[in-house]
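3D, please:
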Amino acid sequence: MNFGNAITLIRTSFNAVIDTLTLTANRTYNLPDKSGTFALLDDVGSGGSSNKVVNTITENKTLLLSDSNTIIRCNNTDGLTITIPSANVFSIGYSVDIVQINTGQVTIVGEGGEIIKKIGGTGNAILIGQFAGCSVTKLVANEWYATGDISI
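Next comes the predicted model:
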């Protein structure tokens, strides 16, 4: 952690910022007593938002809990599929951004009872081409919403 930078304490259940501190060397920081689960983000960028982690993939992928709030960069000349698994481990608000940086078509599918809702109805979300992107977010149990550069 770099001194002189800000850290932000966030309640992960609904991503609410509850406190921000500026770090200085050799200090003890007492955070306010807050209940719940929190995430500590260091090296917060200007404007108070943190940078997302970018993960590049070149083959099919099943989403993991660790993919939440990341950008998945799809780099393949053949098509690839990103699967939302039917295991009910993702909390409401889980979100991932997906971008297609090469010519291989990217398809997002729901496994089992996971439903993907998008403009035009429900079903697989297919990015419309190279340099297209979308966000996939779980808003209620077993329902995911895909928004962005996807086919109807």
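
so Ile57 touches Asn75, yeah?
Yes. Using Cβ atoms under 8 Å, Ile57 makes contact with Asn75 at a distance of 7.2 Å. In short, each C-beta sits where N, CA and C put it, glycine included.

and the nearest residue to Leu139 once chain neighbours are set aside, bridged to which residues?
In this structure, Leu139 finds its nearest non-sequential neighbour in Tyr145, 5.5 Å apart by Cβ to Cβ, 6 or more residues apart in numbering. On the basis of DSSP bridges, Tyr145 is bridged to Lys117, Thr137.

burial of Tyr145, as a residue count?
Neighbour count for Tyr145, taken as other Cβ atoms under 10 Å: 17.

any idea how far Asp78 is from it?
Look at Tyr145 and Asp78: by Cβ to Cβ, to the nearest Å, they are 27 Å apart.

ok, now Asn88?
31 Å.

what of Val136?
21 Å.

and these two? which has more neighbours close in?
The residue with more neighbours, out of Val136 and Asp78, is Val136; 24 against 10, by other Cβ under 10 Å.

so what's the residue nearest to that one when sequence neighbours are not counted up against?
Nearest non-adjacent residue to Val136, counting by Cβ to Cβ, 6+ apart: Ala146, 5.0 Å away. Residues near Ala146 by Cβ atoms under 8 Å, 6 or more residues apart in numbering: Ile108, Ile116, Lys117, Lys118, Ala125, Cys134, Ser135, Val136.

thank you kindly, that will do.
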